[in-house]
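the following block contains a protein sequence and its predicted model.
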Amino acid sequence: MTALYIKQPRLSVADDLADLAVDVLIDEADLSPKPGLVDRRGNGAHDDLHLGLMHSSALSLWPAFKQMAEEASQYSEINQSLRETLGRIGREAEVEMLRVTGGVNTHRGAIWALGLLCAAAALDDQALSPAEVTLRAAQIALYTDRAMPITAESHGAQVCRTYGLTGAREQAQLGFPAIIQYGLPQLLHSRSVPAGEQNARLDALLAIMSQLTDTCVLYRAGLAGLDCMQSGARAVLKAGGCASLDGRRLLRDLDNDMLRLRASPGGAADLLAATLFLDRLAPAVHAPIGSA
C-alpha cells in the first residue's frame, strides 16, 4: 500500500506572526497562578472575565494581527501613513473583540502592544532580535494617529493624567523597556537555573510587575496598590522566584493582596504576552517547512 503525503503550503510571514500573537495571548491567560489575574484557577480580581472569554477574545484578534503584518510588509519605511493604517486596524479589532466578549475589554492593551510588534517584525523579517523589533515598534509609536476619534479618556489615560505617570503609549515609544530590561532577561535567567518553563514565565511576569507603572492597578487601587504590586513582586524574586518554597509563599501573599485590593495587573499581563512573542519570534518565522 502506498501512503499519500499531502504537502501543506508554507504559511506567509503574516500568518506566522498572527499565529504567534494569538498563541502567546492564550499562553499568558493559561499561566497559573498569576496574582490578581484570570488564570486556570479562576477569575482573579475580575467579575466580568473568565478563561474561556480570554481564549475567545485572543482568537478573534487573529485577522487583525495578520492584517497589520501584511500592511506593514508593504511599506519600505516607517511613516505617518503606516501608523494611521495600524491605528485603523486596531480600532476595528477592538470592535470585534467587544462583539465577541459582549462588551468586556479583554485585550485592548494587547492589541496595541502585539499589533505594533507584529507590524515591526513584518517590516524586516530578517532582523527579528528583540532589540531590532522593539526599536522599529518604538519608531512607529512615536507617530501620532491623527485619525484617532476624540472620545472620553480611557482609564489608563485618566490615571496617567491624575498621577503624572507614563502608560502603555510611552512604554511602546521607549521601545518596551519593561520587556527588554526586565521581563525578557528574567525569563532567560529563570530558564537557565533551571526553574521550569511555567515558573520562568511567572518570574518574567513578576519582573515586569516589579517595575511597571501598571495603569490597570493604578485605576483600581491607586498609588498604594501600585506600591503593593511592585514591592510584592520584588519580594518573590528576591526570595528565589516562583520555583522556590519561600518565593511561592510570597506569591500567594501577593495574590491575596491583589484580590483584596480588587486590583489586576493587566498591563503587566499584556507585556508578558509581548515578552513571549519576542522570545519565540525568530524561530516561529524562520521555522523550516514541515516543522511543528
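Noted; the coordinates are in hand. Residues are numbered from 1 along each chain as shown.

does S57 touch V100 like I think?
Yes. Contact criterion Cβ atoms under 8 Å: S57 and V100 qualify, at 6.0 Å. Heads up, the C-betas are built off the backbone N, CA and C, glycines and all.

pick out whichever of those two has more residues nearby.
Set S57 next to V100 and count neighbours by other Cβ atoms under 10 Å: S57 wins out with 26 against 17.

ok, now how distant is that one from I111?
10 Å (Cβ to Cβ, to the nearest Å).

shared neighbours of these two, which are they?
Listed as contacting both S57 and I111 by Cβ atoms under 8 Å, 6 or more residues apart in numbering are M97.

show me which residues of stretch 39-55 are buried.
D39, G44, A45, H46, L49, H50, L51, L53, M54, H55 (16 or more other Cβ atoms under 10 Å).

hmm, who's touching that stretch?
So stretch 39-55 is contacted by 25-26, 29-34, 36-38, 101, 104, 106-107, 220, 258-259, 261-264 (Cβ under 8 Å, 6+ apart).

distance between the ends of that stretch?
11 Å (Cα to Cα, to the nearest Å).

got the CA coordinates for the strand or helix carrying R260 in PDB?
For R260, the element it lies in under DSSP states H and E is helix 245-261. The C-alpha coordinates for helix 245-261 follow below in PDB (Å, rounded to 0.1, in the frame of the first residue of the first chain):
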ATOM      1  CA  LEU A 245       9.300  27.500  48.500                       C
ATOM      2  CA  ASP A 246       9.700  30.900  50.000                       C
ATOM      3  CA  GLY A 247       9.000  32.600  46.700                       C
ATOM      4  CA  ARG A 248       5.900  30.500  46.200                       C
ATOM      5  CA  ARG A 249       4.600  31.500  49.700                       C
ATOM      6  CA  LEU A 250       5.200  35.200  48.900                       C
ATOM      7  CA  LEU A 251       3.500  34.800  45.500                       C
ATOM      8  CA  ARG A 252       0.400  33.500  47.400                       C
ATOM      9  CA  ASP A 253       0.600  36.500  49.700                       C
ATOM     10  CA  LEU A 254       0.800  38.900  46.700                       C
ATOM     11  CA  ASP A 255      -2.200  37.200  45.100                       C
ATOM     12  CA  ASN A 256      -4.200  37.600  48.200                       C
ATOM     13  CA  ASP A 257      -3.200  41.300  48.400                       C
ATOM     14  CA  MET A 258      -4.200  41.900  44.700                       C
ATOM     15  CA  LEU A 259      -7.600  40.200  45.300                       C
ATOM     16  CA  ARG A 260      -8.200  42.200  48.500                       C
ATOM     17  CA  LEU A 261      -7.500  45.400  46.600                       C
END
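
how about residues contacting it?
Contacts to helix 245-261, defined as Cβ under 8 Å, 6+ apart, come from residues 33-36, 44-45, 202, 206, 217, 220-221, 225, 228-229, 232-233, 235-237, 239-242, 264-265.

same thing with stretch 12-19?
Contacts for stretch 12-19 (Cβ under 8 Å, 6+ apart): 11, 62-63, 65-67, 69-70, 73, 118, 121-122, 125, 284-285, 287.

could you check how far P194 is from R201?
Distance, P194 to R201, by Cβ to Cβ: 13 Å.
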